[in-house]
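> only geometry, no sequence info:
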């Protein structure tokens, strides 16, 4: 029976990953800061044919990770797969939003993944096998405008994963960076942004996605089995990455067009706030 640890498994993609492994009869540790949601996921895992347990985890805490490792050792005496899925989102220009949001997203999206990998790599080396799925994003490959801090953390997760992929292969350990595009999840619920239109945009692209969390989870499951370095499950995402690598002038044109559209929207918002685009007679003081 596979022993699988998943962070951020109380909802969204983490829950879908838990259910995908449950179909294989896995024993799953559902690690999350949200114990209510984790209990719901455990119930669903058991109904899907798996088994498991829940553990409260703040991925920012090295002590919390060490406690989890000790419990894994006590319960399982080893581990097969660690999925670093817990993450948060920001959406802002480089000169916008609170600086504290950078600390917040780096601590969770980047350092949380690094801590998970550091904590369990020695155990996998000792046993001579294992695998990591580190959840990055298509944003970590393409780096669209107005998402500096999010892009930075996800690109770093790709970098860590690619480094580990080769570093750990001689030890029999597989590492895959999962890089999905937009799909319906709850990531936007806690998203930090100073742009009033950002959440509307995210909701719109979520609804347009051809894939859902179950599709992404299935792709990730298969990618780790094949020891794929990068899993880019969205067809549109693969096309965009192809353009970036082999037709950069077209990719750059698209990115610039997006940036120009964002500037136009910002200019309109500023003009409206100052009253300069209001009809005569409706301006402040008229």
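Great, that's in hand. Just so it is clear, the model here is predicted, and its values are computed rather than measured.

> end to end on stretch 41-55, go ahead and measure it.
Using CA to CA, to the nearest Å, one end of stretch 41-55 lies 12 Å from the other.

> no wait, stretch 123-141
30 Å.

> just stretch 23-43 next, same as before
OK, stretch 23-43 end separation, CA to CA: 14 Å.

> buried stuff in that stretch?
Within stretch 23-43, the residues that qualify as buried by neighbour count (16 or more other CB atoms under 10 Å) are 26-33, 37-38, 40-42. Any C-beta I mention is one placed from the backbone N, CA and C, and that applies to glycine too.

> of the residues you listed, which belong to helices?
Using DSSP state H, 37, 38, 40, 41, 42 are the members of those that sit in helices.

> just put these in JSON lines and tack on pLDDT.
Converted to JSON lines, these look like this (pLDDT from 0 to 100):
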{"residue": "37", "pLDDT": "97"}
{"residue": "38", "pLDDT": "98"}
{"residue": "40", "pLDDT": "98"}
{"residue": "41", "pLDDT": "98"}
{"residue": "42", "pLDDT": "98"}
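
> nearest to residue 122 among those residues?
Nearest to residue 122 among those, counting by CB to CB, is residue 38 at 25.7 Å.

> residues contacting that closest one?
9, 10, 30, 31, 32, 54, 55, 56 (CB atoms under 8 Å, 6 or more residues apart in numbering).

> turn those residues into CSV, including pLDDT and distance to residue 154.
Formatted as CSV, these follow (pLDDT from 0 to 100; distance: CB to CB, whole Å):
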residue, pLDDT, distance to residue 154
9, 97, 19
10, 97, 21
30, 98, 23
31, 98, 20
32, 98, 20
54, 98, 27
55, 98, 25
56, 98, 25
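
> out of these, list just those in strands.
30, 31, 32, 54, 55, 56 (DSSP state E).

> if I look at the first one, how far off is residue 88?
In this structure, residue 30 and residue 88 are separated by 18 Å, where distance is defined by CB to CB, to the nearest Å.

> quick check: residue 233 touching residue 217?
No. Using CB atoms under 8 Å, residue 233 makes no contact with residue 217, being 9.5 Å away.

> higher neighbour count, these two?
Taking other CB atoms under 10 Å, residue 233 and residue 217 do not tie; residue 217 has more neighbours (27 against 21).

> just the pLDDT for the more buried one.
Looking at residue 217, its pLDDT is 97.

> right, and it touches residue 23 too?
No. Between residue 217 and residue 23 no contact is recorded; they are 9.9 Å apart, counting by CB under 8 Å.

> can you show me the helices along this structure?
Secondary structure of the chain, counting by DSSP H: helices at 12-22, 35-47, 62-76, 100-105, 112-127, 139-142, 148-167, 198-208, 213-225, 235-246, 248-274.

> can you list these in TSV and add distance to residue 93?
Listed next are those as TSV, based on distance: least, CB to CB, whole Å:
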stretch	distance to residue 93
helix 12-22	26
helix 35-47	32
helix 62-76	32
helix 100-105	12
helix 112-127	25
helix 139-142	15
helix 148-167	7
helix 198-208	10
helix 213-225	28
helix 235-246	21
helix 248-274	8
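
> okay, the ones you listed, which one's buried deepest?
Across those, averaging neighbours per residue (mean count of other CB atoms under 10 Å) puts helix 12-22 on top, at a mean of 25.

> what residues does that one touch?
For helix 12-22, contacts defined as CB under 8 Å, 6+ apart pick out 2, 4, 6-9, 28, 30, 32, 37, 41, 44-46, 48-50, 52, 81, 83, 85-86, 133, 135, 180, 185-187, 212-214, 216-218, 220-221.

> equivalent analysis for stretch 86-96, please.
7-8, 14, 31-33, 57, 59, 97, 101, 104-105, 108-109, 112, 135, 145-150, 187-188, 190-195, 198, 202, 262.

> and if we set it to 7 Å?
For stretch 86-96, contacts defined as CB atoms under 7 Å, 6 or more residues apart in numbering pick out 7-8, 59, 97, 101, 104-105, 108-109, 112, 135, 146-150, 187-188, 190-195, 198.

> need the distance between the two termini of that stretch.
End-to-end for stretch 86-96, by CA to CA: 25 Å.
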